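Chemist: Give me the fold of what follows.
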Amino acid sequence: NDALEADPLLVKSVTAGLILGAADFTGQFIEKALKGEEAGDEGVDIARVARFAFFGLVLQAPWNHFYYLFLDGSLPPTEDPFTATTGIKVVIDQFIQAPVFTVLIFAFLGALEGKSLDAIKKQLDDDYVDTMFANWKLWVPATAVNIAFCPPVLRVLFLNCVFFFWSIFLSLKLNKDDEAA
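Modeler: Sure thing, here's the model as predicted:
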């Protein structure tokens with residue numbers, strides 16, 4: 001807790017990097033299991049794990065750290081979890097912030113993979129709508145819990161934990177074409 005208070009951005013970023021790297025690692029084992037392959041270290045794409053870890057470290061955690069500072073500064077947290085403020089924050093988060101951040105996820109990870117802008121645009125055209133619907137199934141309730149019940153200092157860390165599962169989904173979704181190639 002002392003480290004979180006002393007350097008919250010660093011703690012959130014390192015935590016996100018570790019969690020998202022672990023999520024992609026897990027996603028790769030799930031891919032192998034779905035294909036009926038043996039799960040072994042020789043088949044792990046370490047560069048892919050590193051891309052997800054780097055994404056958590058330099059984009060996901062910092063984005064959410066500053067986003068929640070802005071959101072809570074604009075609409076201060078309430079003691080009662082069941083208020084209009086909570087509902088408004090969930091709507092802002094999921095229907096303004098999330099669509100923008102999802103485009104950034106596709107672009108950032110695509111760029112790290114060396115994809116062209118046309119390839120990133122095609123992936124957005126192919127997968128964005130499905131990704132957003134899946135996002136809302138997970139993140140609307142998770143965001144409601146986060147805003148209603150988590151102290152502001154722990155919000156990004158809560159997101160990082162939920163992001164473990166979301167990153168497995170993203171890992172599988174964003175890399176499905178790699179498996180077909």
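
Chemist: Would you mind listing where the chain has pLDDT under the threshold?
Modeler: Residue ranges of the chain with pLDDT under 70: 39-42, 177-181.

Chemist: so what secondary structure elements neighbour the helix or strand encompassing Lys121?
Modeler: Counting by DSSP states H and E, the element that carries Lys121 is helix 117-149. Applying 3 or more Cβ pairs under 8 Å, 6 or more residues apart in numbering; DSSP states H and E, we find helix 117-149 packed against helix 84-92, helix 98-112, helix 155-174. (C-beta placed from N, C-alpha, C; glycine too.)

Chemist: Quick check: buried residues in that helix?
Modeler: 120, 123-124, 127, 131-132, 135, 139-140, 142-144, 146-148 (16 or more other Cβ atoms under 10 Å).

Chemist: ok, now which ones touch the residue lying closest to Leu57 once chain neighbours are set aside?
Modeler: Counting by Cβ to Cβ, 6 or more residues apart in numbering, Leu57 lies nearest to Gly17, which is 3.5 Å off, once chain neighbours are set aside. Taking Cβ atoms under 8 Å, 6 or more residues apart in numbering, we find Gly17 in contact with Ala53, Phe54, Gly56, Leu57, Ala61.

Chemist: where's Gly17, which helix or strand?
Modeler: helix 8-35.

Chemist: May I see the buried residues of that helix?
Modeler: 8, 11-17, 19-29, 31.

Chemist: ok, the residue nearest the centre of the chain - contacts?
Modeler: Most central in the chain under Cα atoms, centre = their mean is Phe163, positioned 4.6 Å from the mean C-alpha point. Shown in contact with Phe163 (Cβ under 8 Å, 6+ apart): Ala16, Ile19, Leu20, Ala23, Gly56, Gln60.

Chemist: could you check the angle helix 98-112 makes with the helix holding Lys121?
Modeler: 140 degrees (axes from the mean of the first three to the mean of the last three Cα atoms, to 10 degrees).

Chemist: that older thread, columns distance to Asp2 on top of the helices and strands packed on helix 117-149, output as JSON lines?
Modeler: Listed next are the helices and strands packed on helix 117-149 as JSON lines, based on distance: least, Cβ to Cβ, whole Å:
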{"stretch": "helix 84-92", "distance to Asp2": "28"}
{"stretch": "helix 98-112", "distance to Asp2": "30"}
{"stretch": "helix 155-174", "distance to Asp2": "14"}
